[in-house]
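Undergrad: predicted coordinates and the sequence they were generated for:
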Amino acid sequence: VVQTYVQRAVQTKHELMMADCSTDKDALLQGYDSICDQLKSKDEPSMLHKLLLALAYGETLGYLTSYPQFHAKLLHLIMKLDPFTPPRARQHQGTDVSVPTSQARLFTDYVIADAHLALCLAIISANSTFAVPVLETMVRFLANQNTICAGQPCDTGRMLRVHSTTYHILILVPKALPLLPPIFAKHFPFKLKQQEIISGYVGQLLQVLYYAPSLFADVYELCIRHALQIDVEIRIRDDGNVSIEPNKQDEDEPAIFNMDGTNNDRNHDANNSNDATTKADEMADKLDAIMLLMFEHVVSVCRTRLDYVETYAILLRIFDSYILATHKSKFVQFLMLFICGKYQSFNLLNYPSDDRSEPLYRDFASNLLCKILDTRQANVHRQMSACYLASFISRAEYVDSKTACESIAVLLQWANLYIAQFGHSSSSRTVAGGNMCATHALFYTVCQAAFYIMCFRGADAFLHYDNTMSKLARQHIDEEAHDSNDRSSVDVDTNIVDIGPQRWLQVCSHPQLQPLKFCLESVRREFLHVAKVLQLLPSEFVRVSLLQENLKAQQHLPRARRTSSSIQTAATLEMKRKSGGVGGLGQGSNPLDSFFPFDPYLLCKSHMFVEPFYKSWVGSCDQLDDNISLEFDTGDLDDESSSESDSSNDSDNLSIAAENDFAPKSLDAQSNVEMISSSFAEEIQSFRKHSISSGGSW
């Protein structure tokens, strides 16, 4: 009966529209309007179920799909229908009237949902042009915002039915597959939505990839783009506190009235502080949930070597397009650190040493180095690449000493070439009047990247350099001894591993550029410590530089009435350096406004995926430094207090000596290197005593 009723109503509507008759249509279309009203209100679930079944039958479906312009209202109501949610209670004569429980079970038992989804499949089977509206209906069901807002858990039965229907749509209309990514982007929840809504939607998008793997790149790109929007909202200040990035529009708006005085202003500031902390926690939780889902999905889909390589290639393209171009992203980039580390573990566990492929981390480092050296790239992108390279090499636990050494060597080689061209460039003639930091920002960023890597990996990298040079020397001696025409060894370009003292001296002692002066303060101090231990720079140059650092630090201390203080010795200052170091965001002045993208990962739930591959801050030369530790007795402590005034009076002379005495007169600094090796043994004893008596921290 219902089927006949629906067919007649649709047929009458169709005939009237075809005939374009001018008679009164209201009486003739009463049945058609009642169908539309029932789809809109859902007041009678049993009747709604019968209507949905009837609309999918025979001629009725033909009328709907063949002449959609005549039945636009009915088709719109079908697509907008929510078959999973019972209707709300309605007001009738001042009382709430709800649907009976027996009728409401048609929704909760998915009876109406099954009929509605079958109707959607029938519509798209009859006319494939309905692919977009039907897919939008499915994606809207995946968002599941109404259920989550009501505080209910994720409806598994609902999601299984929606995914099954989407899968059958893609089988019926294969050309509909490219239509899904724009629809996914259209329905992605805004970043201010609840965490459950955002994470639920991301989880359902990742489920789509199991039956539509060709959408892998598009879905990952969409999720990472929205994760970046949340990431940049979180601001980590230099003191370690977390806040939300302020809205510039809100900052520019002046206060209109101040009616209640200063007490209310204080309360208002306190409330704003609490609100900012709460918002920061909420944003962090949202980002944490997204990262957790993506980490878990990478683990689930990567089963073979090819899976890892393909996933890495997709993530690398997204990194180049979005992550690298986002200033001060803090967490999303850890997907690259994770996939490289996961592949390295997979390689070590499943393949012998002679059958292992090239590690992904070397490809990632090579990609960043290519961007740094590419003159076609914008300088800001090259600077960002240098920051990413330095942080990745330093923080990735699995990066070997060979990669660290080669990366530093490439950065030093580029810096030396920049210095060689400096005298011939127009920028060298405008040094006195121009802004050095802005003019040579790329040079200073590259130098800082090399310094930063040395702070973390200096001992390993220098050991690899020393072993490589020794091996090449032995091979050369053996070849000369045998005097063989057919030499088995291959000539190796030593520039790719050369991080010797000559290169460091050429870069650090340039009298005009002075790269150490424009580095992050904590990086500069730590690098000078590494340079002292590894003998990268002349001992007097390091001593003078560290003395200037200590004097500068004392000048910036707030002056107050002195009550009591602990004795500052070389040992106590050394302990302070080890506890501070260059971990986290770094400390002190930051002339380049630079950042290190792989600073500690602070998201709680997803931290477990990063921790196995992450290298926390441990001084790279602390163990080596123990062999030449600064030993002193109580007599040295007495000398310290008496020599503080002398060291401050000599600071200006030492500064001039640092600029003139250690600057290379030409690019050939072989004589300086010989001076280092011959005089280091004699100077180390005097340096120990000198550093304590002058109040130095090293």
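TA: Great, that's in hand.
Undergrad: so where's the stretch 351-500 of the chain shaky on pLDDT?
TA: 354, 423-434, 481-493 (pLDDT under 70).
Undergrad: do a quick rundown of the helices in it.
TA: Along the stretch 351-500 of the chain, the stretches classed as helices by DSSP state H, counting those that start in this stretch are 360-373, 379-395, 401-422, 436-439, 441-482.
Undergrad: could you list the buried residues of the first one?
TA: By neighbour count, with 16 or more other C-beta atoms under 10 Å as the criterion, the buried positions of helix 360-373 are 360, 361, 362, 364, 365, 366, 367, 368, 369, 371, 372. In this view, the C-beta of every residue, glycine as well, is placed from N, C-alpha and C.
Undergrad: on that earlier part again, which of the helices of the stretch 351-500 of the chain sits closest to residue 52?
TA: helix 360-373 (51.2 Å; C-beta to C-beta).
Undergrad: which strands or helices does that closest one pack on?
TA: On a contact count with 3 or more C-beta pairs under 8 Å, 6 or more residues apart in numbering; DSSP states H and E, helix 360-373 meets helix 305-318, helix 334-350, helix 379-395, helix 401-422.
Undergrad: again, 10 Å this time
TA: Helix 360-373 sits against helix 305-318, helix 334-350, helix 379-395, helix 401-422, helix 441-482, with contacts defined as 3 or more C-beta pairs under 10 Å, 6 or more residues apart in numbering; DSSP states H and E.
Undergrad: in JSON lines: those helices, plus distance to residue 113.
TA: Listed next are the helices and strands packed on helix 360-373 as JSON lines, based on distance: least, C-beta to C-beta, whole Å:
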{"stretch": "helix 305-318", "distance to residue 113": "34"}
{"stretch": "helix 334-350", "distance to residue 113": "36"}
{"stretch": "helix 379-395", "distance to residue 113": "47"}
{"stretch": "helix 401-422", "distance to residue 113": "54"}
{"stretch": "helix 441-482", "distance to residue 113": "56"}
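Undergrad: ok, back up a step: among the helices of the stretch 351-500 of the chain, which comes closest to residue 498?
TA: helix 401-422 (5.3 Å).
Undergrad: still on that earlier bit, most tightly packed of the helices of the stretch 351-500 of the chain?
TA: helix 379-395 (a mean of 23; mean count of other C-beta atoms under 10 Å).
Undergrad: helices or strands up against it?
TA: For helix 379-395, the contact count by 3+ C-beta pairs under 10 Å, 6+ apart identifies helix 334-350, helix 360-373, helix 401-422, helix 441-482 as packing neighbours.
Undergrad: elements contacting the last one?
TA: I take that to be helix 441-482. Counting contacts by 3+ C-beta pairs under 10 Å, 6+ apart, helix 441-482 is packed against helix 360-373, helix 379-395, helix 401-422, helix 436-439, helix 501-508, helix 521-534, helix 622-627.
Undergrad: residue 18: which of those is closest?
TA: Of all the helices and strands packed on helix 441-482, helix 379-395 comes closest under C-beta to C-beta, at 61.5 Å.
Undergrad: give me the angle between the closest one and helix 441-482.
TA: Counting by axes from the mean of the first three to the mean of the last three C-alpha atoms, to 10 degrees, helix 379-395 lies at 50 degrees to helix 441-482.
Undergrad: helix 379-395 vs helix 360-373, what angle?
TA: Going by the same axes, to 10 degrees, helix 379-395 makes 150 degrees with helix 360-373.
Undergrad: as PDB, could you dump the C-alpha coordinates of helix 379-395?
TA: Taking C-alpha atoms only, helix 379-395 is exported to PDB below (Å, rounded to 0.1, in the frame of the first residue of the first chain):
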ATOM      1  CA  ASN A 379      67.100  32.200   1.700                       C
ATOM      2  CA  VAL A 380      64.500  31.700   4.300                       C
ATOM      3  CA  HIS A 381      63.800  28.200   3.000                       C
ATOM      4  CA  ARG A 382      67.500  27.500   3.100                       C
ATOM      5  CA  GLN A 383      67.800  28.700   6.600                       C
ATOM      6  CA  MET A 384      64.800  26.500   7.700                       C
ATOM      7  CA  SER A 385      66.500  23.500   6.000                       C
ATOM      8  CA  ALA A 386      69.700  24.200   8.000                       C
ATOM      9  CA  CYS A 387      67.800  24.400  11.200                       C
ATOM     10  CA  TYR A 388      66.000  21.100  10.400                       C
ATOM     11  CA  LEU A 389      69.300  19.400   9.400                       C
ATOM     12  CA  ALA A 390      71.100  20.500  12.600                       C
ATOM     13  CA  SER A 391      68.200  19.400  14.900                       C
ATOM     14  CA  PHE A 392      67.600  16.100  13.100                       C
ATOM     15  CA  ILE A 393      71.300  15.000  13.000                       C
ATOM     16  CA  SER A 394      71.600  16.000  16.700                       C
ATOM     17  CA  ARG A 395      68.400  14.500  18.000                       C
END
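Undergrad: that'll do, ta.
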